[in-house]
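**Student:** Give me the fold of what follows.
(2 chains)
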Amino acid sequence: MDRLIALVLLRLRLGLRSYLRARESLVALLLALPGTLIFSGLVAAALYVGVRAVAASQPESLAPLLSAAATLVGVMALLSPLLSGVALVETPDAARLAHFPVSLRVVMLATMVANLAQPAVLAQLLPVIALALALGGAGLGAVAAGVGVLLSLLLVVAVGQAAGLVLYALARNRRLHDLLLLIGLPLGFVLGLLPFLLLGIGPGSLQRIFRLLAERDPCAFSPFAWGVRAAVAAAHGHALPAMLNAGLALLAIAATLGLSAALAKRIHRSEPLLASWTTRPARTRCRSWLPGSVGALVEKDLRTAWRDPGLKATLLLGLVGPFLLLFLFSRGSATLEPSLLLLFSLFVGQSPFGSNAFGHERRGIQLLLAFPVARWKLLAAKNVVQLLLRLPALAVLALAAGLLAPWRLLPAAATTVVAVWAIAAGVDNLHSVLFPIAAPAPGQNPTARTSGGRGMGAALLAAACLPLIWLAAAPFVFLAWLPYWLEMPQVWLISIPIAVVGALAVHALLVAATARALSRREPHVVARLLGDA
Amino acid sequence: MTTNALHTRPGGMNDDASIVVRGLTKRFGDTLAVDHVDLRVGRGRFFGFLGPNGAGKSTTIKMLTGLLQPTAGEVWIEGIALTADPLAIKALIGAVPEELPLYERLSGDEYLTFAGRMYGLPRDQVRQRVDEILEFLALTEDRGRLIVDYSLGMKKKLALAAALLHNPRVLFLDEPLNGIDPISGRVVSDLLRRVADKGATIFFTSHVLDVVERLCDEVAIIDHGRIIAQGSLDEIRTQRTLAQNTSLEDIFLKLVAADVTRQDLSWIG
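**Tutor:** Below you'll find the predicted structure:
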C-alpha cells in the first residue's frame, strides 16, 4: 500500500510540476478551465435530460443507447494516444519504474489512479454524476448507478493507458513510429470533422441511427458498455444483471491492467512488440541536383521535410483543406463570388506566415548557423522550400478556384496570392528571428517546455502580425483588382507586373532586414531554440 | 571577409596564436557559468580543456564558436575578432558540439555532402572527401542509413567527419570520443594528432584524462567558471611544485580540490 501511495503521489507531483514549470501550459489550462467546466456542465445537463426522457418514453432503449455512447468514448480513449502522438515519444511511467522491485500491476494501478486526477478525466465527473442521478434518482439507487458508470470510466482510463503503452512499444522502431504519426494526424483531422458530418446529415438520418442502435443493440458485448449496463440494471432494481455486468467490467479493468503490465515488461526488456522492420540501407552516393549553397539548403530541407512524418501528414492534409474551404465558401451558390474569391486568395497567400522558418531546425540551428553562408541565402532557401512544399496544394487550389470562379477574375486572384505570399513569407522570416520558437519534434508534446512552450505568446504575436501583412499587401491587392472594378481588363497588362514586382521588392527588403537581424541575434536565436535562454 | 577584420589582432598578440580569449564571461541569471576566462592557444597546438561537470567547458566552447553571446570578454580566432567577421571565422573552424545537432532525417552520406557544399567545396571535391572519410571512419556500409538510426558512436564519427571535411584551421571538439568504441577511438585520436601535427589547432574537451595526457600539448583546467591552471603538463607540475611523474588525473583532482575519500555507506556490507 505504501508503494501504491508513493507511486500515486509521484505521478501527481510530476504532473503538477510540469504545469508549474511550463507557465504556458498552466496559462493554457487556466484559460481552458472555464470552457471545459461549461462544456462539461452542458454535457451533464444534456445527458440528464436525455436519459430521463428516454427512461420515461422507451426504458428498453436506455441500455443499448448508453452502451453505444460508452463504446464511442472508449474507442476515442483507445485512439487518443495515436491522435495526440504524445505516447510515441514520452516514456511511460511503467517503463521508467520497471527496475524497482514493485509489481508492474501495482505500478499500472497507481498510474491509473493518478490518471483519474488528470484535467481531462476530472472534466468527465460531472457527466458521470448527472448520469448516475438520471438513472438512479436520489439516494442508494444513484450510488449504485454511479458505481456502474464509474467502472466504465475506469475502463476507459485503463484502456487509454494500455493503448499508450502499445504505441510506445511499437514506436521504438523508428519506421513504425513514423508510420503511426503519419496515420494519427490525418485520422485526428477526419475524426475532428465527424461531428460536422453528423450534423450535416440532418435530423432524419440521426434519428434513424438512434433507432438502429436502440433496436439492434450492437454494443451489447462491448467491454466499455458493461459498467453502464450495470448502472442501468441497478437503476431498474435488477440485482443479478447489475452484479454480473459490474463483475465483467471489473474483470475487463483487471485484464487491461494485466495487459499494460505485460507490455511494460516487454518495453523494459527491450523486446519488440512486432517483428523488427528494417530495410537494407542504400549504398549509392547522395546526388546533388541544385547548384550552390542555396541549392544544398533547399535539397536538405526538402529531404528532411519529406521524411518528417508530421510535416508529410500536414502537407497531405494541405491538399484536402482547400477543398473544404472552397466547399464552405461556395455553399448555396454554384460559383465563387468575387468578394469570396478575394478573401480566399488572401487566405491562401498568407499561408507561409506561421511556417516558422527556423523553428523546424530545432537543435539543428546550431549546425545551420555554424556554416559560413550569407544569412540571406539561408532565408531565401527557406522561402523557396516553403513555396515548393505548397505547390501541390496551390495547384489544387488553382484548379478548384478555376472551376468555381469566373475565369475573368483569375488574374486578380493569382496576383493577390503571389503578392500576399511574398509579403507573408518575408514577415514570417522576420518573426521567426525576432521571436524564435522551436517547433515540436515529430510526435512531441507541443506544450512541453523543450518543444517550444512559448507557443501561446508566439500565437498572439502572430495574430498581431497578420493585419500588418494585409496592410503591407493592400496596395498590390488593390492594383490587382482595380481593372476588374473599373471593368477595364487591358489595365491588367500594367497593374499585374507593378503589383508583383512591388510585392517582391517588399519581400526582398524584409529578407534583407531579417538577414541583418539574424546576423546580430544569432546567439540569441540559438539559445532560444535550444531552450538555453 | 574584410581586410580590417583580418587585422584586428589584440595588442601583444603575435602571429603564432590561433585562439586568444580575454575576460570571457557568461552569466545565466544569477549563475556565473564562465568567469573572466583568459586563454591563449598557439597555432598547431593540441589543447585540452578540462574541468568537472558544470565547470563551464561547453559554455566556453559555445561562446568561442559564436553560438552563445558572452556577457563580457573578447575572442580572436586566427587573428580575427569573433564579433568583427563571424562568417570568416566559421569558414576557418570546425566544431563537434557535445549535443550533436545532426539532421537526423538525412542519411550519413547526404549529411556530409550537405556540409561540404555549405563550406563552399566544389562538388567533385565533396564527393571525393566524403568517400574517403566514410571509408576512414568505417561508415561506408551505413552511408545510406538515416542518422536517426545511427548509434551514438556513429553519430560522433559523422559529426567529426563533417567538421573535418573543409580542412579547418581550428577544431573545437566537445567530448568527441565519448561513446566511440576503443578501436574507432584510437583511429580518431591518431587522426586528430596528425591533423594538429599538420598545423591545425585543436581545442579539445574530454573526461578521459589518459587520452588527454597522451594527445594534448597543453591543457587548461576550469573549475566553477575560472581557469585554475594552464600550460603544458610539465609547466603545471613546476608551477604547482608537483613531482615530475604526477599523472594528469592526480593533477586534476588536486587542482579542483576534489575530495575523493569517502566513508563507507552505513548499510553496505
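
**Student:** give me every residue that touches whatever residue of the stretch 51-200 of chain A ends up closest to chain B.
**Tutor:** Going by C-beta to the nearest C-beta, chain B is nearest to residue A:174 of the stretch 51-200 of chain A, at 5.7 Å. From N, CA and C alone the C-beta is placed, and that goes for glycine too. By C-beta atoms under 8 Å, 6 or more residues apart in numbering or on different chains, the contact set of residue A:174 is B:146, B:148, B:149.

**Student:** can you pick the most crowded of the residues you listed?
**Tutor:** With neighbours taken as other C-beta atoms under 10 Å in any protein chain shown, the top of the contacts of residue A:174 is residue B:146, carrying 22 neighbours.

**Student:** so residue A:311 makes contact with residue A:305?
**Tutor:** Yes. Look at residue A:311 against residue A:305 with C-beta atoms under 8 Å: they come within range, at 4.7 Å.

**Student:** what do those two both touch?
**Tutor:** A:360, A:389.

**Student:** Show me which residues of the stretch 251-400 of chain A sit near chain B.
**Tutor:** Within the stretch 251-400 of chain A, the positions near chain B by C-beta under 8 Å from any C-beta of the partner chain are A:281-286, A:288, A:292-293, A:295-297, A:299-300, A:303-304, A:307-308, A:363-367, A:369-374.

**Student:** Need the buried ones from those residues selected in ChimeraX.
**Tutor:** Only the buried entries of those go into this ChimeraX selection, using 16 or more other C-beta atoms under 10 Å in any protein chain shown:
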select /A:281,286,288,293,296,297,299,300,303,304,307,308,363,364,365,366,367,369,370,371,372,373
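
**Student:** The longest helix seen in chain A and chain B in contact?
**Tutor:** Longest helix of chain A, by residue count under DSSP state H: helix A:492-530. Yes. Contact of helix A:492-530 with chain B (C-beta under 8 Å from any C-beta) involves A:519, A:522, A:523, A:524, A:526, A:527, A:530.

**Student:** which residues touch the third one?
**Tutor:** So that's residue A:523. If you count contacts by C-beta under 8 Å, 6+ apart, then residue A:523 has B:66, B:67, B:68, B:69 around it.

**Student:** now, among these, which is nearest to chain A?
**Tutor:** Using C-beta to the nearest C-beta, those come closest to chain A at residue B:69, 3.7 Å.

**Student:** Around chain B, pick out the residues from the stretch 1-150 of chain A.
**Tutor:** Residues of the stretch 1-150 of chain A lying near chain B (C-beta under 8 Å from any C-beta): none found.

**Student:** Please list the residues outside the strand or helix carrying residue B:153 that contact it.
**Tutor:** Assigned by DSSP states H and E, residue B:153 belongs to helix B:152-164. Helix B:152-164 is contacted by residues B:94-97, B:100, B:102, B:108, B:111-112, B:115, B:133-134, B:137-139, B:142, B:147, B:150, B:171, B:173, B:176-181, B:184, B:188, B:195 when judged by C-beta under 8 Å, 6+ apart.

**Student:** List the buried residues for it?
**Tutor:** Here helix B:152-164 shows B:153, B:154, B:155, B:156, B:157, B:158, B:159, B:160, B:161, B:162, B:163, B:164 as buried, counting by 16+ other C-beta under 10 Å.

**Student:** would you list those in JSON lines and tack on pLDDT?
**Tutor:** Output for the buried residues of helix B:152-164, formatted as JSON lines (pLDDT from 0 to 100):
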{"residue": "B:153", "pLDDT": "89"}
{"residue": "B:154", "pLDDT": "91"}
{"residue": "B:155", "pLDDT": "92"}
{"residue": "B:156", "pLDDT": "91"}
{"residue": "B:157", "pLDDT": "92"}
{"residue": "B:158", "pLDDT": "94"}
{"residue": "B:159", "pLDDT": "93"}
{"residue": "B:160", "pLDDT": "93"}
{"residue": "B:161", "pLDDT": "94"}
{"residue": "B:162", "pLDDT": "95"}
{"residue": "B:163", "pLDDT": "95"}
{"residue": "B:164", "pLDDT": "95"}
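
**Student:** ok, the strand or helix carrying residue B:173 near chain A or not?
**Tutor:** Here residue B:173, judged by DSSP H and E, is contained in strand B:170-174. No. Figure legend: strand B:170-174 not in contact with chain A (C-beta under 8 Å from any C-beta); closest approach 9.9 Å.

**Student:** neighbouring strands for that strand, and are they parallel or not?
**Tutor:** strand B:93-96 (parallel), strand B:201-205 (parallel) (DSSP bridges).

**Student:** Tell me which residue is most central in chain B.
**Tutor:** For chain B, residue B:173 is the residue whose C-alpha lies nearest the centre (C-alpha atoms, centre = their mean; 2.6 Å).

**Student:** if I pick it, what's in contact with it?
**Tutor:** B:95, B:96, B:160, B:163, B:192, B:202, B:203, B:204, B:205.

**Student:** other SSEs contacting the host helix or strand of residue A:50?
**Tutor:** In the assignment (DSSP H and E), residue A:50 maps to helix A:23-57. With contacts taken as 3 or more C-beta pairs under 8 Å, 6 or more residues apart in numbering or on different chains; DSSP states H and E, helix A:23-57 sits against helix A:2-21, helix A:59-84, helix A:119-122, helix A:125-136, helix A:455-486.

**Student:** quick one: it to helix A:2-21, angle?
**Tutor:** Here the directions of helix A:23-57 and helix A:2-21 differ by 120 degrees (axes from the mean of the first three to the mean of the last three C-alpha atoms, to 10 degrees).

**Student:** Count the residues that sit near the closest residue to residue A:44 other than its chain neighbours.
**Tutor:** Spatial nearest neighbour of residue A:44, chain neighbours left out: residue A:130 (3.6 Å); criterion: C-beta to C-beta, 6 or more residues apart in numbering or on different chains. Using other C-beta under 10 Å, residue A:130 is surrounded by 22 other residues.

**Student:** got it, and the one 10 residues further on?
**Tutor:** Burial measure for residue A:140: 10 neighbouring residues, criterion other C-beta under 10 Å.

**Student:** Filter the contacts of helix B:152-164 down to the ones in strands?
**Tutor:** The members of these that map onto strands under DSSP state E are B:94, B:95, B:96, B:171, B:173.

**Student:** got a winner among these for most neighbours?
**Tutor:** residue B:94 (27 neighbours).

**Student:** Show the contacting residues for it.
**Tutor:** B:162, B:163, B:164, B:165, B:166, B:168, B:170, B:171, B:172.
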